[in-house]
Each structure stands twice: as structure tokens, then as C-alpha cells.
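Participant: quick one, what's the 3D model for this:
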Amino acid sequence: MSADGFISLTHPTAGVNLVFLRTGLPTFTPATIAGDAGQGLLIAFVVDDLDTEYARIAAAGADVVTAPETEPWGERYCQFTDPNGLVWQLVQWV
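Facilitator: A predicted model of the protein is given here:
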């Protein structure tokens, strides 16, 4: 899958998506980490039921960056930070 400033790589047997975003995309969130190359890293995990996973993880005390949102292109996501400040997100394609 690809678009301007975005490419998603996957293999049918791997169960993993690797996504590359062009630095400086105006749609990148959170804006606080959308800096120069080497910054702006986030890790995404695709899940089947984003709202259930969000509730479970938030209730466990994870630092919520972005509550669940749905983008116009069908990506529903939420974001957290780990203790080192690394942003990770859950994604559900709707």
C-alpha cells in the first residue's frame, strides 16, 4: 500500500507491517515528535478490536497520547508512550 509520503510493506506469511513515512508530513501525529530524520519514530500494532484493546491498556495505566480516532482513509488508531517516551500505536483498518 502506498500514497504520497507513505509506504506500507508486508508479507503474507510474516504477520507484520512495516510503514515508512516521509519526514514532515502534516498528518503525522503527535506533532511533537514529527521532527528531522531520526526523530518521528512510532511503532504500530494492527489489532482486530481497537476499542477493547485501548480500554484494557489505558485501564492498566499506560500513558495515552491519542484516544481512539478514525482517519478519513479508514485507519482507526490510538497512541501511547512507553516509559522512554517512544510512541506506539494500535491500528484497526475499518
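
Participant: quick check: residue 25 vs residue 47, distance?
Facilitator: 23 Å (CB to CB, to the nearest Å). Glycine gets a C-beta too; all of them are placed from N, C-alpha and C.

Participant: okay, those two: which has more neighbours?
Facilitator: More neighbours surround residue 47 than the other of residue 25 and residue 47, with 17 against 13 (other CB atoms under 10 Å).

Participant: what are the buried residues along the helix or strand of the chain with the lowest mean pLDDT?
Facilitator: None of the helices or strands of the chain scores lower by mean pLDDT, DSSP states H and E than strand 17-21, at a mean of 75. Neighbour counts using 16 or more other CB atoms under 10 Å place residue 21 of strand 17-21 among the buried residues.

Participant: which strands and helices sit next to it?
Facilitator: Secondary-structure packing of strand 17-21 (3 or more CB pairs under 8 Å, 6 or more residues apart in numbering; DSSP states H and E): strand 6-10, strand 42-46.

Participant: the very next helix or strand once past the last one vs strand 42-46, what angle?
Facilitator: This points to strand 42-46. Next along the chain after strand 42-46, taking DSSP states H and E as the criterion, comes helix 50-59. Interaxial angle of helix 50-59 relative to strand 42-46 (axes from the mean of the first three to the mean of the last three CA atoms, to 10 degrees): 130 degrees.

Participant: got any ranges where this structure has weak pLDDT?
Facilitator: Low-confidence segments of the chain (pLDDT under 70): 35-40, 84.

Participant: which residue of it sits farthest from its center?
Facilitator: Distance from the C-alpha centroid of the chain, by CA atoms, centre = their mean, peaks at residue 13 (21.5 Å).

Participant: what about the nearest residue to residue 24 once chain neighbours are set aside, neighbour count?
Facilitator: Leaving aside its sequence neighbours, residue 24 sits nearest to residue 34 (CB to CB, 6 or more residues apart in numbering; 6.8 Å). When neighbours are counted by other CB under 10 Å, residue 34 registers 17.
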